[in-house]
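Q: Compute the structure for the input listed below.
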Amino acid sequence: MCFRSEVRDLQFSRTIACPKCAILTERSPFIRYLLMPRATSLSVKLSIPDQALPLLIPIPQDSAVLVGRNPQANQLSSELAELLRGVPIDVVTVSSARVSSNHLLIWNGASEAKLYDLGSRNGTWVRMSHKEPVSFALTNDLAVELATLGKSLRIGQGLKDAEWSQSDDFAEAVARSINDWLQQVGVSARAAIQSRPPFEESEDSFPLADGSRVWLTPMMGTTLDMSWRQVHDRVNVYVAEQNMRFDLLTGHDEDFVLASPLMRVAHRDLSDAAAYGVRAMILGPTGAGKERLARCYHRHSRQHRGPYVSVNCALLKEGLLYAQLFGARRGSFTGASSDVVGVIESANDGTLFLDEVGDMDREVQKALLRFLDTRGEYQRLGDSVVRHASVQIVCATNLPLDDPDYRHGRFREDLWYRLGVKVIRIPPLCERPQDVLAFLRARTLRGGQIRVVDALSKAAIQHVLLDPLPGNFRDLENFVDRLPPNAASESIDVEVCAAALTEGRRPKDRRSQSNTRIAPIASASSSADWSAMFDQAMAAFKDDHGETPKNWGQLHHFIEKYIKPVFVAHSCDLAGLAEPSKSTNYSELARRLLISDGSTVKSHLLRYVERFRIKPSPT
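A: You can find the predicted model right below:
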């Protein structure tokens, strides 16, 4: 190869002399050209960007060829048009976005051959043989490569994950992210969505996980500074990544919402933990979605084909919880008329969900720790046979187990570090407005087909987003059930919305009626009753811990294990009972006390009976 010379920009041009072939590049007031010996015919090998095979162009003597993406001879400069007057000009159209509309003109003249760069955006390189003097006979070739210059695309620069709340929004979110990136890197192209077949086969269309396709096309009449193949390959990789995210974030239970960035991060971390067999601890308030995340853990775990078994650690006492976890031999406790299979054995080769693990009895904590330390060995209650189970464990609690001060004296440190390998924190629903909106979009009013979000006025939607929603998704489900059925679009105003949200919540200035079979809450909230309940709870706390609460963790424990049980028992007029009745309607009590569910009432009553009940005097 003799030399490579750019035919592009006048201010960077220079004269080049080659002693082997005496070829010169000269200046011109409006073009830069190569001066070559006369040839009767010229064969040009034209390499085009983004195309594998070159184009061979024979140019007879005293004729010219205009090369470009959309070549127009009438758009040549007046000086060049005057110079080529009477010369036949053929046009060669190349389909590359990096080639300018009028890119290059090659003239095989009577005494010389010339190449004219026409102000192209990305330039031209010329290569000629140096093994013999250049005579440009019929056997000689001129190799021209269009648009080898230009910017190099930084792979990964600027492309961000698509943000979408509903599956129907996925495709548009992907296209939006691609278009933002194209604008950022200065590529004159556009991504568009085709949602329905028939789809035309093209290498510039990419299938999306929701069944649609995204098309990538250069803007008409523009020239790209970089390789279209680079742009194409980067978008192809990005679409594949987003399809994987879509598959990861969809296919859940119908009621599961993953719209907010906070929940998506939590779901991603939990899924990664499950995929690698890492134990996870989910921390968050009641009703925020912990159990549904636990089911997602099972779906993404290596043992997802096995059973999924859950147990609420807050509802049973030491003996029963141990028996439920590890099983029991017949006769090992009252009522065990046959062998009991524990949930750990039932969850063998699957996933065990320990809900409310923070309320687990310390003796059971010790047994669970041994099970984990021995890699799955356990014994049934009252049985000496050592058994083995392969179980992936995921836990959840609304208690601050991540606080060392709170764990002190309540939860074993060594067990915490066994169970909390990956800690996932779930914020309350009021901090996740995207999830609230996604929930309202997915629900319809009773007796109709209109979505809740369409039935609410804009002001009503904002009112819902600003509500504290103390029961989280349970509050939101109740709200939807209370809305008027068959409402028209945007017909539910703020007043109706507020009434549906606050129904069942006790207004501060309203007193409950005293003729109900449940003790009125108002009486429990009077200053005298509150004082008595507080004194009772504080006295018990001091007896158990030797001091009053000294830090945030102790205060939280005091409220959960002492204040709340005393309040529930007194408010339900059950403070004098030795044991809760089996006929107690816990759901009704929860509704009257504005508590999210009956199991919470039951657990607090069990705590109260265990710690505060008046034991009968010995006879």
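Q: Outline the domain layout of this protein.
A: Taking automatic domain parsing as the criterion, the chain consists of the domains 4-146, 167-249, 261-417, 429-502, 521-612.
Q: Format these as CSV; extra columns: distance to D161, mean neighbour count and mean pLDDT.
A: Just so you know, the C-beta spots here come from the backbone N, C-alpha and C atoms, and that holds for glycine as well. Listed next are the domains of the chain as CSV, based on distance: least, C-beta to C-beta, whole Å; neighbours: other C-beta atoms under 10 Å; pLDDT from 0 to 100:
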stretch, distance to D161, mean neighbour count, mean pLDDT
domain 4-146, 27, 16, 66
domain 167-249, 7, 17, 80
domain 261-417, 9, 18, 87
domain 429-502, 14, 17, 87
domain 521-612, 33, 17, 76
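Q: So for V423, which of those sits nearest?
A: Evaluated with C-beta to C-beta, the domains of the chain place domain 261-417 nearest to V423, the distance being 5.0 Å.
Q: Quick check: end-to-end length of that closest one?
A: Domain 261-417 has an end-to-end distance of 27 Å (C-alpha to C-alpha, to the nearest Å).
Q: Can you give the distance of that domain from its chain's centre?
A: 27 Å (C-alpha atoms, centre = their mean, to the nearest Å).
Q: now do stretch 434-454
A: Distance, stretch centre to chain centre, for stretch 434-454: 22 Å (C-alpha atoms, centre = their mean).
Q: send the alpha carbons of that stretch over as PDB?
A: Backbone C-alpha positions of stretch 434-454 (Å, rounded to 0.1, in the frame of the first residue of the first chain) are rendered in PDB as follows:
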ATOM      1  CA  GLN A 434     -46.100   4.300  42.200                       C
ATOM      2  CA  ASP A 435     -47.400   1.100  43.900                       C
ATOM      3  CA  VAL A 436     -50.600   2.800  45.000                       C
ATOM      4  CA  LEU A 437     -51.300   4.000  41.500                       C
ATOM      5  CA  ALA A 438     -50.500   0.600  40.000                       C
ATOM      6  CA  PHE A 439     -52.900  -1.000  42.500                       C
ATOM      7  CA  LEU A 440     -55.700   1.400  41.500                       C
ATOM      8  CA  ARG A 441     -55.000   0.800  37.800                       C
ATOM      9  CA  ALA A 442     -55.300  -3.000  38.300                       C
ATOM     10  CA  ARG A 443     -58.600  -2.900  40.200                       C
ATOM     11  CA  THR A 444     -62.200  -2.300  38.900                       C
ATOM     12  CA  LEU A 445     -65.200  -1.000  40.800                       C
ATOM     13  CA  ARG A 446     -67.700  -3.500  42.100                       C
ATOM     14  CA  GLY A 447     -70.300  -4.400  39.500                       C
ATOM     15  CA  GLY A 448     -68.600  -2.600  36.700                       C
ATOM     16  CA  GLN A 449     -65.700  -2.600  34.200                       C
ATOM     17  CA  ILE A 450     -64.300   0.800  34.900                       C
ATOM     18  CA  ARG A 451     -60.900   0.900  36.600                       C
ATOM     19  CA  VAL A 452     -60.700   2.600  40.000                       C
ATOM     20  CA  VAL A 453     -58.100   5.100  38.800                       C
ATOM     21  CA  ASP A 454     -60.400   6.100  36.000                       C
END
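Q: What lies in contact with it?
A: Around stretch 434-454, the neighbours that count as contacts under C-beta atoms under 8 Å, 6 or more residues apart in numbering are 165-166, 254, 257-261, 263, 429, 455-456, 461, 464-465, 469, 473, 476, 480-481, 483-490.
Q: so can I have CSV of the domains of the chain showing distance to L159?
A: Formatted as CSV, the entries for those read as follows, by distance: least, C-beta to C-beta, whole Å:
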stretch, distance to L159
domain 4-146, 19
domain 167-249, 5
domain 261-417, 17
domain 429-502, 22
domain 521-612, 42
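Q: right, so of those domains, which gets closest to K160?
A: Going through those one by one, with C-beta to C-beta as the measure, domain 167-249 comes closest at 5.6 Å.
Q: Chain neighbours aside, what residue packs nearest to N472?
A: The shortest distance from N472 to any residue that is not its chain neighbour, by C-beta to C-beta, 6 or more residues apart in numbering, is 3.5 Å, and that residue is G287.
Q: In a helix, the one you found, correct?
A: No: for G287, which was evaluated using DSSP: H, G, I helix; E, B strand; the rest coil, the result is coil, with no helix membership.
Q: How much space separates it from Q242?
A: From G287 over to Q242 the distance is 31 Å, taken as C-beta to C-beta, to the nearest Å.
Q: E172 now?
A: As for E172, its distance to Q242 is 12 Å (criterion: C-beta to C-beta).
Q: Please apply the same query to H298.
A: Spatial separation of H298 from Q242 under the definition C-beta to C-beta is 25 Å.
Q: cool, and Y322?
A: Taken as C-beta to C-beta, the span from Y322 to Q242 is 47 Å.
Q: Equivalent analysis for V92, please.
A: The span separating V92 from Q242 equals 39 Å under the rule C-beta to C-beta.
Q: Verify the stated contact: I106 with I59.
A: Yes: look at I106 against I59 with C-beta atoms under 8 Å: they come within range, at 6.0 Å.
Q: Please verify my assumption that A294 contacts L354.
A: No: distance between A294 and L354: 9.0 Å, which falls outside the contact criterion (C-beta under 8 Å).
Q: Show me whatever sits in contact with both of these two.
A: When contacts are counted by C-beta under 8 Å, 6+ apart, the set common to A294 and L354 consists of 310, 394, 396.
Q: List just the nearest of these to W228.
A: When these are compared against W228 (criterion: C-beta to C-beta), the nearest one is V394, at 47.1 Å.
Q: Wasn't the closest one part of a strand?
A: Yes: looking at V394 with three-state DSSP, it is inside a strand.
Q: Report the separation between the residue nearest to it when sequence neighbours are not counted and A280.
A: For V394, the nearest residue in space outside its immediate sequence neighbours is Y297; the separation is 4.5 Å by C-beta to C-beta, 6+ apart. Here the distance between Y297 and A280 works out to 6 Å (C-beta to C-beta).
Q: Now do the shared contacts for the two.
A: Common neighbours of Y297 and A280, using C-beta under 8 Å, 6+ apart, are 270, 273-274, 394.
Q: Where do the helices of the stretch 501-619 of the chain begin and end?
A: When assigned using DSSP state H, counting those that start in this stretch, the helices of the stretch 501-619 of the chain occupy the ranges 521-524, 527-545, 552-558, 564-571, 586-593, 598-612.
Q: ignore the last one, the stretch 1-150 of the chain
A: 78-83.
Q: Next: the stretch 301-450 of the chain.
A: Listed in chain order, the helices found in the stretch 301-450 of the chain under DSSP H, counting those that start in this stretch are 318-326, 343-346, 362-373, 404-407, 413-419, 433-442.
Q: can I get the CA coordinates of the third one in CSV?
A: As requested, the backbone C-alpha atoms of helix 362-373 are provided in CSV (Å, rounded to 0.1, in the frame of the first residue of the first chain):
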residue,chain,number,x,y,z
ARG,A,362,-36.0,-18.4,72.6
GLU,A,363,-36.0,-22.2,73.2
VAL,A,364,-37.3,-22.7,69.7
GLN,A,365,-34.6,-20.3,68.5
LYS,A,366,-32.0,-22.5,70.0
ALA,A,367,-33.4,-25.6,68.2
LEU,A,368,-33.6,-23.7,64.9
LEU,A,369,-30.0,-22.6,65.3
ARG,A,370,-28.9,-26.2,65.8
PHE,A,371,-30.8,-27.2,62.7
LEU,A,372,-29.0,-24.6,60.6
ASP,A,373,-25.6,-25.3,62.1
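Q: what's in contact with that helix?
A: Where contact means C-beta under 8 Å, 6+ apart, the residues beyond helix 362-373 that reach it are 313, 318, 321-322, 325-326, 344, 360, 377-378, 393, 410-412, 414-415, 418-419.
Q: how about a cut-off of 7 Å?
A: Among residues not part of helix 362-373, those counted as contacts by C-beta atoms under 7 Å, 6 or more residues apart in numbering are 318, 321-322, 325-326, 377-378, 411-412, 414-415, 418.
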